[in-house]
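1. Quick one: sequence and predicted model below, then my questions.
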Amino acid sequence: MSATALKPQPETAALNVRIKRLPHAQGLELPRYETELAAGCDVRAAVTEPLTLKPGERFMVPTGIAIAVPPGWEAQMRPRSGLAAKHGISCVNAPGTIDADYRGELKVILINHGAEDFTINRGDRIGQMVFAPVYQAAFEEVDELDDTARGSGGFGSTGV
Ligand SMILES: O=c1ccn([C@H]2C[C@H](O)[C@@H](COP(=O)(O)OP(=O)(O)OP(=O)(O)O)O2)c(=O)[nH]1
Ligand SMILES: [Mg+2]
């Protein structure tokens, strides 16, 4: 990759995404990129009252928003590293997959891997969405696949 290609390209056009605020998200910030070149935009908890996750507990936390991901794209719902490092909070299904044809409320399936109770308040930034291009595969059934050096070796076959 050339040095030019490695430079940030702030002029890159953003992806247009329609977003709908649901009634229980009144007054909440919409997803936002916290820094100029952030990959993920933070989504907020649209809980009406504080929600406490005990160690080991999980909960589908509402975000109060619905989006229309453009065809050929997906949104990934990912954990925030600060919550993970400080409190052991993650997404059970990380990265969550938001399909381009999904129109329901976005939820963040949080789990408390920490040793302490963790309380989520209305408006807390609980996850981040990353938009990525996707292809659907056109599967072609065959009797044999081509040989490779790896073959069927996997799951640690190259050592640790
Ligand atoms: O973290 C997530 C993951 C998924 N979803 C929503 C959007 C996604 O398009 C839909 C279905 O997700 P997925 O395909 O991962 O779940 P599934 O268990 O396969 O459900 P379905 O049968 O509805 O596809 O649920 C979220 O709101 N948050
Ligand atoms: Mg699915």
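-> Now that the structure is in, tell me what you want to look at. Residues are numbered from 1 along each chain as shown. Ligands and ions are numbered 1, 2, ... in the order given.
2. all contacts plus neighbour counts: C-alpha atoms, from now on.
-> Noted.
3. my guess is V108 meets R58, correct?
-> No. V108 is not in contact with R58 according to C-alpha atoms under 8 Å; the separation is 10.0 Å.
4. Compare these two (neighbour count), which wins?
-> More neighbours surround V108 than the other of V108 and R58, with 26 against 18 (other C-alpha atoms under 10 Å).
5. Please pull up the helix or strand immediately following the lowest-mean-pLDDT helix or strand in the chain.
-> Averaged element by element with mean pLDDT, DSSP states H and E, the chain has its least confident helix or strand at helix 3-6 (a mean of 59). Going down the chain from helix 3-6, the next helix or strand is strand 18-21, by DSSP states H and E.
6. Rounded mean pLDDT for the helix ranked longest in the chain, please.
-> Determined from DSSP state H, the single longest helix within the chain is helix 81-87. Helix 81-87 comes out with an average pLDDT of 98.
7. cool, stretch 141-156 as well?
-> 97.
8. Pick out the residue closest to the middle of the protein.
-> With distances taken as C-alpha atoms, centre = their mean, M77 lies nearest the centre of the chain, 1.5 Å away.
9. Check which strands are paired with the helix or strand hosting it and give the direction for each one.
-> M77 belongs to strand 73-78 when assigned by DSSP H and E. Counting by DSSP bridges, the strands paired with strand 73-78 are strand 96-98 (antiparallel), strand 125-133 (antiparallel).
10. What residues does V43 make contact with?
-> 30-32, 63, 125-129 (C-alpha atoms under 8 Å, 6 or more residues apart in numbering).
11. Pull out the buried residues from the residues you listed.
-> 30-31, 63, 125-129 (16 or more other C-alpha atoms under 10 Å).
12. So which residues on the chain come close to ligand 1?
-> Where the chain comes near ligand 1, counting by C-alpha under 6 Å from any ligand atom, the residues are 77, 96-99, 102, 106-109.
13. Any regions of the chain where pLDDT drops low?
-> Scanning the chain for pLDDT under 70 picks out 1-12.
14. make it 50
-> Counting by pLDDT under 50, the ranges of the chain that qualify are 1.
15. re the thing from before, list the neighbours of the strand holding M77 that are in contact with it.
-> So strand 73-78 is contacted by 69, 91, 94-100, 108, 127-134 (C-alpha under 8 Å, 6+ apart).
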